[in-house]
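Asker: structure here, sequence nowhere to be found:
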């Protein structure tokens, strides 16, 4: 059917902030969807609370609302914009849930707005466990023996019938929140209870465990004419039982014969038809490894993380096609954007193997439970393409960009015995594959491993191939590493750094070998059709074979280094920057080339840049691309720390780094050089010193005066940075987490309790443009990524702003910054401003500042990198006039997915994403940000107070405000006595009653500030964690509390809030000169 | 052991041998199916051809006793990037290398199959030789040239020598075996057909002696224009009994009706080709394996009799036609799948309807 004429204006719902289970993939799919609809002439309205997205750029949609994705706000936008249709199936579970809420609300019917694509009935059929079960029964598709449970008692009755282990899956949650496998009744009771609570509709599915069965996924598309295609199938290397988001996944399936492939394909088509889905969906199957028996695990009636992966793995743009289907087009009417002359109605054929490996946050959350199960824990993922399974897996592992020696011979397991290793692999965790490889290396038979892990022997034998080649290289050593062996290792997929580690030489020795052994990778094209048709996609991957397919143009080229997988501390914002840089380069007439390995992102969409290399971001792989393309320079300042870390080593190889020089980057990153520079510039910095022993550390700490900020120069799988208040804590910290020695010193800094301020600037080497100063709500000590930041600053007077501008100018000029930079300041009680750090690169706040001020910061910076000046571009140096609108950036956490992680905020970043609230009124902006961040603060009820001694004084104000607002105050012992002592009416909660009280909904809000470290036994930790498990809002900073209470007081007293589109924020016309 | 593949234009690829040692020659074609290598190796349509699989890992789920598409392997040779040495599947009973050895197939692995595929795409399918005996390209090219001169009756080589009866209670089908795939027989069996599998050169009269309700012209290898006697035979059957042609059978049926055939540059071999059923407007993903296609340019008198029913969405080639007045159903691709998608099973139902 041709495009529908009655739909002229569509509202697209985004997925909101990045959380575990819902990451950058929805920026990719949302952006594609918006572009796809505009291509068809529709007017596109977008809502998404996440500013760090390409989809919320003015170029992506006609009107963009960065507002909370709540029923209230979406309704406001609907009333303001009056769209003809709503497209919700590209905004992850958030979008889908919103579609359900809007339908139930009645506003859609009332205003005659249509839900585009998959209907509400279809969504319900797929998502509601009971309806789903019924639908599957009708078409004779088996699902696991299961029962819908609406109460714990129901659940217990079911378990008594079928026995353990049992899988528990809550309905309507994402990333399997609250689910798990229970091996006994105690575990069952716990998981079932939390699952019921987390489910939007208080339903959980309890089902027979299919542990050991193969987990296979199909990505299916269907149009209104009932044409169906399978884009891709994928096989999880880990058997059923581990969330697919936490599994190593291979495309296409590796252990299925054609009969099984078609069996599940035919079932997939049957299912998508029965559910009447119009668009894309993801179907997960469990396949018995010993027969044709299979069951349907679940269906996602929308574009999902797996669809993003499938899109990148095959080159088939699922989201783009799904959006077109939603407005009436059929598969055979949509052009295949890869070949340009065939249609979207075909099934991609791969002539390579794709491996996805999850990226877990356990390097940051060292106390987290690293066991993997049905609840997803990964924050991001990498993908690699190779011509063999071994090659694609090894490349994927190289792409993880983990500081530890993460190659398959992980040193961590070196000293473990065979028995210990076997014990380790019984419970899969993030290091599962490394433990298996180590066990293989130590001679454990393949059969023993498949026996324990239930992993298909095919995969284990493939791992054994890798281990064998590694062993061969290791035995040969540098002396016997000849051409044949080196070539064999390269063909197997070994990165040079892995080879260097195996033969125990520096990486450069191996890179030099290449002069002797002329072995270069070739690049092949991802073309959706296995070479059958000529393709125009500039989408390449490397391999070691004979024919290279890259056509190197004679144009001037610039290589943009991407940021790799999404992880805590390096999120989607850097992908946003990379994309903007590439498109600016394109516009300037350069050939823009991106190298990156994250399948979820817009930067790895093949039409973002002129050429895309899907490769690990290692020195070797980047150099290979540089040798191939010979760009005039490379851009490292937009790819986060990953790209910056490559600058020096690439520069040494003669590669030109565009923008800020490597020397300047070094000064900013080397503590001693930095201190010296600040001293020269006469800019204050907190006192600090380096300790080489515990005694020395103690002396330094006492000399500086507690509290101090301590961080090791070398992290040993332990804690990184912490604020330490006394000798005891210092000792504890040193004992537990740090290896201190002459080789591994510990850095100790004065901890200034004060206001944190940050600046994002742009410099052309001589002039400095400061688009914005932001101030943080939380005092220094909370990582800037975890604090709420406000633009423009509300509490800084002109004098302080001038000081900040002055320091910023001095520093940027001294460092001869070209491009973006970010400076973190702290201001003490006496209004003295200190510089904490300078990052000579794009920062996390670039998207926020760009959006609120209207200054396209990455675009400007990229032009400066290419030689332009601020004045020439029409920007008047200095601080830009503040906007009338207020922007508040709030962090978003994924604690519910990570058991045993302490939720208090400290100097180590913990948030996975961010949202922005914008309004003309500060309190409304803050309200929107808090709401969008998912913080559901009750307006009354019972509040439990439990604060550290140093916070007791500040707690009085909070307590008074709370009771004014109508809350009933409860407190733990110490806090109770303190508050009672100052005459505040509060009820004592004895220690034994605290946790039961939380579990039984006695409290609606918890305010708890941490006393000591993160030791799980502490009561404070238990309070925070229990509150988290039972979905009770818990504030761990009194600064945040104060801000929240202000908002509560304010919104109770004021009228309704307005919604504003992006183009209303700034009256700034683009030029300041 | 070393092996080499030499193409008739002198291009060569070096790799390692698998399966049988020695030499083999044939037309080199590529297949883009990601699974189904066992079905492909036993598909009689590949008689005379060396198949290169574009998917780089072959043998990954091993070989079994159920998935053969005929009584033996037919490919002249097999070309893969990697032959799996660690296959696994619950039905796996034969190791890939052993399978090729047992079936006397000379194979070459470790070559850049994508480069080979692109070469064929660019220059068309061509003859090639795989050798484990010599790496001398000139000598191998000479051998190739002399072999090309020998003409083979590819269909007769694979067709059954005598009639096989698969008794059942349903419709009586005369299945002309030009190199039939088992799954065509299974598809008939599933519909209760009483099937007589007949040698390719069975005469019209003998066929009619069975008094079939319908005639199925099977798939098979080679150029249909090399089979004038069979075409003549089919001409006599048209209109007498309902006829259903698949693949080679479809091309023969076309020729018998006066349609023209031309050779595709590199053919269609894979499991992902979209075909539009022009009657319903619906698209299906199909399994394909053919080097020739029916020309859409028809003389006016023929045009009046023929309706194109199926078109390839990618290159607009004819994928099916019917006769406007006579019971003739003809499909270029493989509704029986194996390997490939099972979407087009409905074509067999149409055949059943046609038989009444």
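Answerer: Right, received. Where do you want to start? Here the structure is a predicted model, which is why all the values come from computation and not from measurement.
Asker: may I see the buried residues of stretch A:529-536?
Answerer: A:529, A:530, A:531, A:532, A:533, A:535 (16 or more other CB atoms under 10 Å in any protein chain shown). C-beta here means a position set from N, CA and C on the backbone, and glycine is covered the same way.
Asker: also stretch A:195-208?
Answerer: Those would be A:195, A:196, A:197, A:198, A:199, A:203, A:204, A:205, A:206, A:207, A:208, for stretch A:195-208 by 16+ other CB under 10 Å.
Asker: okay, and the helix or strand of chain A with the least pLDDT?
Answerer: helix A:727-737 (a mean of 79; mean pLDDT, DSSP states H and E).
Asker: can you tell me the strand partners of the helix or strand that that helix is followed by and which way each runs?
Answerer: Heading C-terminal from helix A:727-737, the first helix or strand you meet, by DSSP states H and E, is strand A:746-750. Taking DSSP bridges as the criterion, strand A:746-750 forms sheet pairs with strand A:688-691 (antiparallel), strand A:708-712 (antiparallel).
Asker: now do the last one and helix A:727-737, the angle between them.
Answerer: Orientation check (axes from the mean of the first three to the mean of the last three CA atoms, to 10 degrees): strand A:708-712 against helix A:727-737 gives 20 degrees.
Asker: pipe the strands paired with strand A:746-750 into TSV and attach mean neighbour count per row.
Answerer: As requested, the strands paired with strand A:746-750 are exported to TSV (neighbours: other CB atoms under 10 Å in any protein chain shown):
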stretch	mean neighbour count
strand A:688-691	17
strand A:708-712	23
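Asker: what's the burial count for residue A:681?
Answerer: A count of neighbours around residue A:681, defined by other CB atoms under 10 Å in any protein chain shown, yields 15.
Asker: need the per-residue pLDDT for it.
Answerer: pLDDT, residue A:681: 97.
Asker: biggest separation within the buried residues of stretch A:195-208, which pair?
Answerer: Farthest-apart pair in these is A:197 and A:208; separation 23.4 Å (CB to CB).
Asker: spell out which parts of the stretch 401-550 of chain A neighbour chain B.
Answerer: Neighbours of chain B within the stretch 401-550 of chain A, by CB under 8 Å from any CB of the partner chain: A:456-458, A:461-462, A:464-465, A:524, A:529-534, A:545-547, A:549.
Asker: touching chain B at all, the helix or strand hosting residue A:221?
Answerer: Following DSSP H and E, one finds residue A:221 within strand A:214-222. No - on the criterion CB under 8 Å from any CB, strand A:214-222 is out of touch with chain B, staying 10.3 Å away.
Asker: for residue A:699, see how far away residue A:865 is.
Answerer: The spacing between residue A:865 and residue A:699, counted by CB to CB, to the nearest Å, is 45 Å.
Asker: now do residue A:79
Answerer: Residue A:79 sits 65 Å away from residue A:699, going by CB to CB.
Asker: look at those two and report which has more neighbours.
Answerer: Using other CB under 10 Å as the criterion, residue A:79 and residue A:699 rank with residue A:699 on top: 14 against 11.
Asker: are we agreed that that one is in a helix?
Answerer: Yes - under DSSP: H, G, I helix; E, B strand; the rest coil, residue A:699 falls within a helix.
Asker: isn't residue A:32 right next to residue A:320, touching?
Answerer: Yes - using CB atoms under 8 Å, residue A:32 is in contact with residue A:320, at 4.4 Å.
Asker: local confidence estimate at residue A:375?
Answerer: So, for residue A:375, pLDDT stands at 87.
Asker: in what element of secondary structure is it found?
Answerer: Using DSSP H and E, residue A:375 falls within no helix or strand.
Asker: now do residue A:757
Answerer: strand A:755-764.
Asker: centre of the chain versus stretch A:682-698, how much separation?
Answerer: On the basis of CA atoms, centre = their mean, to the nearest Å, stretch A:682-698 sits 34 Å off its chain's mean C-alpha point.
Asker: picking up where we left off before, so for the least confident helix or strand of chain A, what gets flagged as buried?
Answerer: Quick answer for helix A:727-737 (16+ other CB under 10 Å): A:729, A:730, A:732, A:733, A:734, A:737.
Asker: what of stretch B:197-210?
Answerer: B:197, B:198, B:199, B:200, B:202, B:207, B:210.
Asker: what do you get for stretch A:576-592?
Answerer: Buried residues in stretch A:576-592 (16+ other CB under 10 Å): A:576-585, A:588, A:590-592.
Asker: from the rest of the structure, what touches it?
Answerer: A:52-54, A:553, A:555-558, A:560-563, A:594, A:596, A:602-603, A:608-611, A:635, A:638-639, A:820, A:842, A:846-847, A:856, A:858-859, A:861-863, A:866 (CB atoms under 8 Å, 6 or more residues apart in numbering or on different chains).
Asker: what's the mean pLDDT across that stretch?
Answerer: Mean pLDDT, stretch A:576-592: 97.
Asker: try stretch B:274-286
Answerer: For stretch B:274-286, the mean per-residue pLDDT is 95.
Asker: quick one: end-to-end distance for that stretch.
Answerer: One end of stretch B:274-286 to the other measures 6 Å (CA to CA, to the nearest Å).
Asker: the helices in the stretch 151-300 of chain B, which residues?
Answerer: With helices called from DSSP state H, counting those that start in this stretch, the stretch 151-300 of chain B shows them at B:154-158, B:182-190, B:204-209, B:228-237, B:248-256, B:300-305.
Asker: please work out the average pLDDT along the longest one.
Answerer: Per-residue pLDDT values across helix B:228-237 average out to 96.
Asker: same check, this time on the fifth one
Answerer: Averaged across helix B:248-256, the pLDDT comes to 97.
Asker: starting at the chain centroid, how far to stretch B:274-288?
Answerer: 19 Å.
Asker: can you mark which positions in it are buried?
Answerer: Buried residues in stretch B:274-288 (16+ other CB under 10 Å): B:274, B:275, B:276, B:277, B:282, B:283, B:284, B:285, B:286, B:287, B:288.
Asker: which of the residues you listed are close to chain A?
Answerer: Restricting the buried residues of stretch B:274-288 to those near chain A by CB under 8 Å from any CB leaves B:274, B:276, B:282, B:283, B:285.
Asker: which of those sits closest to residue A:1033?
Answerer: Among these, and counting by CB to CB, the member closest to residue A:1033 is residue B:285, at 50.1 Å.
Asker: next up, the contacts around that closest one.
Answerer: Going by CB under 8 Å, 6+ apart, the list of residues near residue B:285 reads A:229, A:230, A:346, A:347, B:271, B:272, B:273, B:274, B:275, B:340, B:341, B:343.
Asker: bridged to it, which residues?
Answerer: Beta-bridge partners, per DSSP bridges, of residue B:285: residue B:274.
Asker: are there helices or strands packed against the strand holding residue A:221, and which ones?
Answerer: Where contact means 3 or more CB pairs under 8 Å, 6 or more residues apart in numbering or on different chains; DSSP states H and E, strand A:214-222 is packed against strand A:228-236, helix A:258-274, strand A:279-287, helix A:305-314, helix A:318-326.
Asker: and it, how far from the chain's centre?
Answerer: For strand A:214-222, the distance to the chain centre is 24 Å (CA atoms, centre = their mean).
Asker: what's the angle from that strand to helix A:318-326?
Answerer: Taking the same axes, to 10 degrees, one finds strand A:214-222 and helix A:318-326 inclined to each other by 40 degrees.
Asker: partners of strand A:214-222 in the sheet?
Answerer: strand A:228-236 (antiparallel), strand A:279-287 (antiparallel).
Asker: reformat these as JSON lines; add mean pLDDT.
Answerer: What follows is those, written out as JSON lines (pLDDT from 0 to 100):
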{"stretch": "strand A:228-236", "mean pLDDT": "97"}
{"stretch": "strand A:279-287", "mean pLDDT": "96"}
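Asker: report the central residue of the chain.
Answerer: Just so you know, I chose chain A. Nearest to the mean C-alpha position of chain A, counting by CA atoms, centre = their mean, stands residue A:566 at 4.0 Å.
Asker: the chain in question should be chain B.
Answerer: residue B:45 (3.2 Å).
Asker: hmm, residue B:219 and that residue touching each other?
Answerer: Yes - counting by CB under 8 Å, residue B:45 touches residue B:219, with 5.1 Å between them.
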